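Visitor: Here's a sequence, model it:
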Amino acid sequence: RNLSRCQVATGGTLSSGVELVRAMGATVVECACVVELKMFIDPPADSGLPSRKKSWEEKGIADVPVWGLVSEDILTLEGELPPGYVDDGEEH
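Guide: Numbers count the residues shown, from 1 in each chain. As a prediction, this is how the structure comes out:
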């Protein structure tokens, strides 16, 4: 099974990037993501989800703002297929 298809970005790589840039003596003014998954920002403690807020506070980088280019809300919209559409069976 290809695990790379099953992973969700929870902010670990982003926080590592912030730490690396700061370690080089630079200032991080903000971070941008294509889609920011809000469920990882500050989930309930009993949810089992990682908390970006808690992690970033522990790392001392909570002052760096993060914004998403695309709202995660659109990921819940169901697309409609045009009349007469036939699936060709290929991944696109």
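
Visitor: Only C-alpha atoms, please: export the biggest helix by length in the chain in PDB.
Guide: If you go by DSSP state H, the chain has its longest helix at helix 12-23. Provided in PDB are the C-alpha atoms of helix 12-23 (Å, rounded to 0.1, in the frame of the first residue of the first chain):
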ATOM      1  CA  GLY A  12       4.800  19.300  10.900                       C
ATOM      2  CA  THR A  13       6.700  20.100   7.700                       C
ATOM      3  CA  LEU A  14       5.500  23.700   7.800                       C
ATOM      4  CA  SER A  15       6.700  24.100  11.300                       C
ATOM      5  CA  SER A  16      10.000  22.500  10.500                       C
ATOM      6  CA  GLY A  17      10.400  25.100   7.700                       C
ATOM      7  CA  VAL A  18       9.700  27.900  10.000                       C
ATOM      8  CA  GLU A  19      12.300  26.600  12.500                       C
ATOM      9  CA  LEU A  20      14.800  26.100   9.700                       C
ATOM     10  CA  VAL A  21      14.400  29.700   8.400                       C
ATOM     11  CA  ARG A  22      14.700  31.100  11.900                       C
ATOM     12  CA  ALA A  23      17.800  28.900  12.600                       C
END
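
Visitor: Following the chain past it, name the next helix or strand.
Guide: Using DSSP states H and E, the helix or strand that directly follows helix 12-23 along the chain is strand 31-35.

Visitor: What are the contacting residues of that next one?
Guide: Residues outside strand 31-35 that contact it (CB atoms under 8 Å, 6 or more residues apart in numbering): 9, 14, 17-18, 64-72, 75. To be clear about C-beta, it is placed using only N, CA and C from the backbone, and glycine gets the same treatment.

Visitor: out of the residues you listed, who's nearest residue 55?
Guide: Nearest to residue 55, judged by CB to CB, of the contacts of strand 31-35 is residue 14 at 10.2 Å.
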